[in-house]
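**Q** just coords:
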């Protein structure tokens, strides 16, 4: 099994594998190109986004935007990410329709073993993240590996999502917890 196959299967893998390093470099070149393209050049920016993702999308990504691979990010219609969004996509990140991300949002599928010797050897793993439709993240929200967020969820600024969040809720805190139901 290749390191990429291990990564995609959610197993421990070596991120510095030559194939994965090459793919991250390609994504970083495309992110750099996107981040250097004038914000008013919408068609040119969307072409770069589509190349990064590997499919046609109507996503609007404000600069700067960063990701690891791009091809593991699956975006629904009407996606908007404000300035400073980072998506570490070693595993799939599935985001539904009409989702809005405020500035500084981090979505990370990447994790490392607790054992320091194993981490030192370069081992890591990734767990997929699923985000439903009509979700809004406030500024500087962090979503940790393996989390599922239901439809119509609002997450308050600065929250850290470490566990699944139910649909139709307002969630805040570190860790983020539901504080209100949305009717």
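**A** The structure has been received and is ready for your questions. Since the structure is predicted, the reported quantities are computational estimates derived from the model, not experimental observations. Numbers count the residues shown, from 1 in each chain.

**Q** list the buried residues in the helix-or-strand element of the chain with minimal mean pLDDT.
**A** Least confident helix or strand of the chain, by mean pLDDT, DSSP states H and E, is helix 116-120 with a mean of 90. For helix 116-120, the neighbour count (16 or more other C-beta atoms under 10 Å) marks no residue as buried. All C-beta spots, glycine's among them, are computed from the backbone N, C-alpha and C.

**Q** just checking, what packs against the longest helix that the chain contains?
**A** What stands out as the longest helix in the chain, according to DSSP state H, is helix 18-36. Using 3 or more C-beta pairs under 8 Å, 6 or more residues apart in numbering; DSSP states H and E, the elements in contact with helix 18-36 are helix 3-8, helix 42-53, strand 65-67.

**Q** nearest to residue 81, out of those?
**A** With C-beta to C-beta as the criterion, residue 81 lies closest to strand 65-67 of those, at 6.4 Å.

**Q** elements contacting that closest one?
**A** Against strand 65-67 (3+ C-beta pairs under 8 Å, 6+ apart) you get helix 18-36, strand 85-88.

**Q** switch the cut-off to 10 Å
**A** Under the contact definition 3 or more C-beta pairs under 10 Å, 6 or more residues apart in numbering; DSSP states H and E, strand 65-67 sits against helix 18-36, helix 42-53, strand 85-88.

**Q** who does the next helix or strand after the least confident helix or strand of the chain pair up with?
**A** On the C-terminal side of helix 116-120, the closest following helix or strand by DSSP states H and E is strand 123-126. The strands beside strand 123-126 in its sheet (DSSP bridges) come out as strand 13-14 (antiparallel), strand 110-111 (antiparallel).

**Q** how far does strand 123-126 sit from its chain's centre?
**A** For strand 123-126, the distance from its own C-alpha centre to the chain's C-alpha centre is 16 Å (C-alpha atoms, centre = their mean, to the nearest Å).

**Q** what's the answer for stretch 167-178, then?
**A** 18 Å.

**Q** list the buried residues of that stretch.
**A** The neighbour-count check on stretch 167-178 (16+ other C-beta under 10 Å) flags 168-172, 176, 178 as buried.

**Q** and what of stretch 37-47?
**A** Quick answer for stretch 37-47 (16+ other C-beta under 10 Å): 45-46.

**Q** quick one: average pLDDT of that stretch?
**A** On average, the pLDDT along stretch 37-47 is 97.

**Q** please work out which of the strands paired with strand 123-126 is packed deepest.
**A** Stretch with highest mean neighbour count among the strands paired with strand 123-126: strand 13-14 (a mean of 19; mean count of other C-beta atoms under 10 Å).
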